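>>> Here is a sequence together with a model predicted from it:
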Amino acid sequence: MLHRKLDRFRLEQRPVWVYLVDQQRLIERALVVEIEGDLVTLRYDDEDGDERHSWEESVRLASIGAVSTRLASVSRSADADDLPTTGDCPEAERLGRS
């Protein structure tokens, strides 16, 4: 099941947060680059002070304790008027109207 989820995230190029149980650490905003057997290759960026590093790391499927992904995001600095609402939906797609 985890293998299929990771493969779907790889195809969609969605960033994932991966918790590695054996290392007790979280990899944030990684892209699943490749899945080969029980090895998963992740690509992610990390900041160390004023330096930015790009990493590509292979981890065993068994060491992955949890995987999560962001479903949606909304800017806190955007005005409420700038956010799409149901009133912006085309008439033909609105629910509850005949």
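Done, it's in. Numbering: from 1, shown residues only.
>>> Return the list of strands paired to the longest strand along the chain, each annotated with direction.
Ranked by residue count and defined by DSSP state E, the top strand of the chain is strand 25-36. Using DSSP bridges, the strands paired with strand 25-36 are strand 16-20 (antiparallel), strand 39-48 (antiparallel).
>>> Check which residues of it are buried.
Applying a neighbour-count criterion of 16 or more other CB atoms under 10 Å, one finds 27, 30-32, 35 buried in strand 25-36. The way it works is simple: take the backbone N, C-alpha and C, and place the C-beta from them, glycine included.
>>> do the same with stretch 7-16
9-10, 16.
>>> between those residues, which is closest to T41?
Of all the buried residues of stretch 7-16, R10 has the smallest distance to T41: 9.3 Å, by CB to CB.
>>> Please identify which helix or strand holds that closest one.
Element membership of R10 [criterion: DSSP states H and E] is helix 2-12.
>>> so where is the protein shaky, pLDDT-wise?
The chain contains residues with pLDDT under 70 at 74, 78-88, 96-98.
>>> is it true that R60 touches E36?
No: using CB atoms under 8 Å, R60 is not in contact with E36, being 11.3 Å away.
>>> re earlier: rebuild the buried residues of strand 25-36 as JSON lines, extending it with distance to T69.
What follows is the buried residues of strand 25-36, written out as JSON lines (distance: CB to CB, whole Å):
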{"residue": "I27", "distance to T69": "13"}
{"residue": "A30", "distance to T69": "10"}
{"residue": "L31", "distance to T69": "11"}
{"residue": "V32", "distance to T69": "10"}
{"residue": "I35", "distance to T69": "16"}
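>>> ok, how many other residues are close to S77?
Using other CB atoms under 10 Å, the number of residues around S77 comes to 5.
>>> Spit out the contact partners of it.
By CB atoms under 8 Å, 6 or more residues apart in numbering, S77 lies in contact with nothing.
>>> And it, how far from L71?
Taking CB to CB, to the nearest Å as the measure, S77 falls 20 Å from L71.
>>> now do L42
With CB to CB as the criterion, L42 and L71 are 20 Å apart.
>>> If you count surrounding residues, which of these two has more?
Neighbour tally, L42 and L71, criterion other CB under 10 Å: the higher count belongs to L42, 21 against 6.
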